[in-house]
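S.K.: got a predicted structure plus its sequence, pasted below:
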Amino acid sequence: MEATPIISFKNVNKIYDNGTVGLKDINFDIPRGEFLVVVGLSGAGKSTLLRTINRMHEITSGEIRIENEPISQYKGRSLRLLRRKIGMIFQNFNLVKRSSVAKNVLAGRVSYYPTWKSILSLFSAADKQKAVQSLQRVSLAEKLYARADELSGGQQQRVAIARTLMQDPKIILADEPIASLDPLTTKTVMDILKRLNQEDGITVIVNLHSVALARAYADRIVGLRAGEVVYDEPIGQVTEADLNRVYQTV
Ligand SMILES: Nc1ncnc2c1ncn2[C@@H]1O[C@H](COP(=O)(O)OP(=O)(O)OP(=O)(O)O)[C@@H](O)[C@H]1O
């Protein structure tokens, strides 16, 4: 029997308040431990798809299950617990630029603390140690006391990854994580995501424009066009002609 998928989309639709179709009848499962890359033109719905998984965006109809639980009704504590197991990294890194790397990384742990302790930054010695270890995973331990805005873009993205590691995530969502980076730094960041996937078994879902990168890193590629899945294949079966379908504008 096949193991339960970690994420499952069933007949998912998303229509924005202004009538724009974000997602149209999405149906697919993501097995635990997969490195999934979502490709598509700008506006195809990649960000929308990713953000429905942690409820940054609400769906209009259908069902999303995480670890076999429907998530749409989650509120309060259940929503916090859902978001704790899902790390997210963004194109623009979303760090507090004037804060230290240490503070930025520790911020990934706040969901484990009562609000008053997190406001006062009363992190335990164990969590400070964990912050150092998270930075070691992205080869940036020496930057612990640097200010975030002293770092290069690639280094900032690695800090953002270290921050998500503080959550002990089961899933990492990466929304165009390398869009602002040069080719060498891109490789460093993608290699780190791949390593976390392979060594820690974290399910990773990455939105990318680059088909070449998708082919280099993905276990499976899903192509979106105008909110619909037009392509869904394991990497071994990916062909140039199929991928071109994703990028047809008509
Ligand atoms: N808050 C919003 N309100 C209305 N429409 C939106 C909103 N956010 C996104 N859209 C629209 O939904 C569609 C999908 O957008 P989305 O950002 O998911 O695409 P994308 O594939 O991630 O694009 P990009 O590669 O440019 O980030 C687009 O037509 C977009 O204009």
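M.R.: Arrived safely. None of the values given here were measured: they were computed from a predicted structure.

S.K.: immediately after the worst-scoring helix or strand of the chain on mean pLDDT, which helix or strand?
M.R.: Lowest on mean pLDDT, DSSP states H and E among the helices and strands of the chain sits helix 115-119, with a mean of 71. Using DSSP states H and E, the next helix or strand after helix 115-119 towards the C-terminus is helix 125-137.

S.K.: who does that next one touch, helix- and strand-wise?
M.R.: helix 101-106, helix 153-165 (3 or more CB pairs under 8 Å, 6 or more residues apart in numbering; DSSP states H and E). Where you see a C-beta, it was placed from the backbone N, CA and C, and this is true even at glycine.

S.K.: so how far is the least confident helix or strand of the chain off the chain centroid?
M.R.: Helix 115-119 sits 26 Å away from the centroid of its parent chain (CA atoms, centre = their mean, to the nearest Å).

S.K.: stretch 159-169 now?
M.R.: Using CA atoms, centre = their mean, the offset of stretch 159-169 from its chain centre is 11 Å.

S.K.: what of stretch 125-134?
M.R.: Centroid displacement of stretch 125-134 relative to its chain, using CA atoms, centre = their mean, is 22 Å.

S.K.: same deal with stretch 193-212?
M.R.: Relative to the centre of its chain, stretch 193-212 is centred 9 Å away, using CA atoms, centre = their mean.

S.K.: not counting it itself, show me its contacts.
M.R.: 6-7, 30-39, 42, 46-47, 49-50, 53, 137, 161, 165, 169-179, 190, 214, 217-218, 243, 246-247 (CB atoms under 8 Å, 6 or more residues apart in numbering).

S.K.: among these, name the ones in helices.
M.R.: Judged by DSSP state H, helices contain the following of the contacts of stretch 193-212: 46-47, 49-50, 53, 137, 161, 165, 190, 214, 217, 243, 246.

S.K.: touching, Ser47 and Asp175? I think so.
M.R.: Yes - look at Ser47 against Asp175 with CB atoms under 8 Å: they come within range, at 5.5 Å.

S.K.: dump the residue contacts of the residue nearest in space to the middle of the chain.
M.R.: Compute the mean C-alpha point of the chain, and by CA atoms, centre = their mean the closest residue is Leu173, 0.9 Å away. Shown in contact with Leu173 (CB under 8 Å, 6+ apart): Leu50, Arg51, Ile53, Asn54, Ile86, Gly87, Met88, Ile89, Ile205.

S.K.: run the last query once more with 10 Å
M.R.: Shown in contact with Leu173 (CB atoms under 10 Å, 6 or more residues apart in numbering): 38, 47, 49-51, 53-54, 56, 86-90, 164, 203-207.

S.K.: for it, give the beta-bridge partners.
M.R.: For Leu173, the beta-bridge partners under DSSP bridges are Met88, Ile205.

S.K.: how close does it get to Ile26?
M.R.: According to CB to CB, to the nearest Å, Leu173 stands 15 Å off from Ile26.

S.K.: how about the residues of this structure near the ligand?
M.R.: Selection of the chain residues close to the ligand by CB under 6 Å from any ligand atom yields Tyr16, Asn18, Thr20, Gly22, Gly40, Ser42, Gly43, Ala44, Gly45, Lys46, Ser47, Thr48.

S.K.: for the nearest residue to the last one once chain neighbours are set aside, give me the pLDDT.
M.R.: What that stands for is Thr48. Once flanking residues are discounted, Thr48 sits nearest to Gly22: 3.9 Å by CB to CB, 6 or more residues apart in numbering. Note for Gly22: predicted pLDDT of 97.
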